[in-house]
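In: I would like the atomic coordinates for the input below:
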Amino acid sequence: MAIDRTLAACALLCCCWGALLGGCLNIESDCSLAGALNGKLCFPLVAGQHINVGTVCLQLVGQTLFVTYDTTSAVRCPTCSPWCLTEAHLWVGLDLDDLPLNPGGNPPPGQFPYEADIPFPPCTHTYTFSIPVSAIVDEAVDESQLLCFASLYFAAHASVVCDGDSETAWAGCTRITVQGNWAMYCVANITCPCKSSSSSSSSSSSSSSSSSSSSSSSSSSSSSSSSSSSSSSSS
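Out: Numbering: from 1, shown residues only. As a prediction, this is how the structure comes out:
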C-alpha cells in the first residue's frame, strides 16, 4: 500500500507541476478530471440514504481543486425551497487508507481536515472548499516515475435542513463499511497526456535536424548576401 501511495503521489505531481524528464504536459492546459462535463465532475449528494438533495462537484483549475456542495439542482422538499446547508466536512487524499476512521470503522466527519459551520438562517444552497494540490501531495516522491494520472479519493459529508427536517448527507458512491453507518466515498481520476520517451527523443532529434538545416540555410544566405554586397561596391 505504501508503494501505491508513492506512485499515486508521484502521478499527481507529474500532472500538476510537470515531470520534464518525460515531457509530461502542464495541468493548466492538458490535465483534467476524467468524465468531467464543462470542467466539472459531479456526484449526487444523498441525505437519509435515499433523498437526492443536490450535488458535490469537483473542478481542477491550475493547481487548485475546488469542491462545491450545491442543493439548487435537487428535487425540492414538498413545501420549501431547496435544502439548506448547515455543515460541510470534506476529506480528500491519494490513499483511502488515510481516511480517518473511529474504532468502529466509521469515518467521523468532525475529524476531516476541511470543515465549515454554515450559519442558518439564512438558507445557504452552495458552499465551496478551495484546496491547493500541494496540500494533497504531502510527501517527497520520485518524479522520474512518468505517470500522468492519479486517483483522488474523497468523502464529502453535509448536514442539510428543510422545513425543520434535518438530515445527514454524503456524496453518494461507495459505502465505506458494509456494517456500521452508511457513510460513503467517491473516486475522481485525473488524466493528462504524456509524451513517450521515444516520441520526445524523436521530436528532439527532428528539432535538432531542423535547427541544423536552418543554420546551414542561414550560412548560405549570409554568403549570398556578402557576394551581393561586394558586387554592389564594385559597381
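In: what's the weakest-modelled helix or strand in the protein?
Out: Least confident element among the helices and strands of the chain, by mean pLDDT, DSSP states H and E: helix 197-234 (a mean of 43).
In: which regions of the chain sit below the pLDDT cut-off?
Out: Low-confidence segments of the chain (pLDDT under 70): 1-31, 75-81, 138-149, 192-235.
In: And the helices in it, which stretches?
Out: Applying DSSP state H to the chain gives helices spanning 2-17, 133-136, 197-234.
In: and Ala155, how many neighbours?
Out: The local packing of Ala155 (other Cβ atoms under 10 Å) involves 23 other residues. From N, CA and C alone the C-beta is placed, and that goes for glycine too.
In: Isn't it up against Thr177?
Out: No: checked against Cβ atoms under 8 Å, the pair Ala155 and Thr177 is beyond contact range at 11.9 Å.
In: shared neighbours, the two?
Out: By Cβ atoms under 8 Å, 6 or more residues apart in numbering, Ala155 and Thr177 have these common neighbours: Ala183.
In: for the chain, longest strand please?
Out: If you go by DSSP state E, the chain has its longest strand at strand 149-162.
In: got the CA positions of it in CSV?
Out: Only the C-alpha atoms of strand 149-162 are listed here, as CSV (Å, rounded to 0.1, in the frame of the first residue of the first chain):
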residue,chain,number,x,y,z
PHE,A,149,-2.8,10.1,-13.9
ALA,A,150,-3.9,9.8,-10.2
SER,A,151,-6.9,8.7,-8.3
LEU,A,152,-8.3,11.2,-5.8
TYR,A,153,-10.4,9.6,-3.1
PHE,A,154,-12.8,11.9,-1.2
ALA,A,155,-15.5,11.7,1.4
ALA,A,156,-17.9,14.7,1.4
HIS,A,157,-20.3,15.0,4.3
ALA,A,158,-23.0,17.6,4.9
SER,A,159,-25.8,18.4,7.2
VAL,A,160,-28.9,19.7,5.5
VAL,A,161,-32.2,21.2,6.7
CYS,A,162,-35.6,21.7,5.1
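In: Mind listing the strands it pairs with, and their directions?
Out: If you go by DSSP bridges, strand 149-162 pairs up with strand 84-93 (antiparallel), strand 165-171 (antiparallel), strand 184-191 (antiparallel).
In: List the contacts of the longest one.
Out: Contact with strand 84-93 is made by 65, 67, 69, 71, 99-100, 107, 109-110, 112-118, 120-121, 123-127, 129, 131, 136, 152-162, 166, as judged by Cβ under 8 Å, 6+ apart.
In: Mark which of these are buried, thanks.
Out: By neighbour count, with 16 or more other Cβ atoms under 10 Å, the contacts of strand 84-93 hold 65, 67, 69, 71, 99, 107, 109, 112, 114, 116, 118, 123-125, 127, 129, 131, 136, 152-162 as buried.
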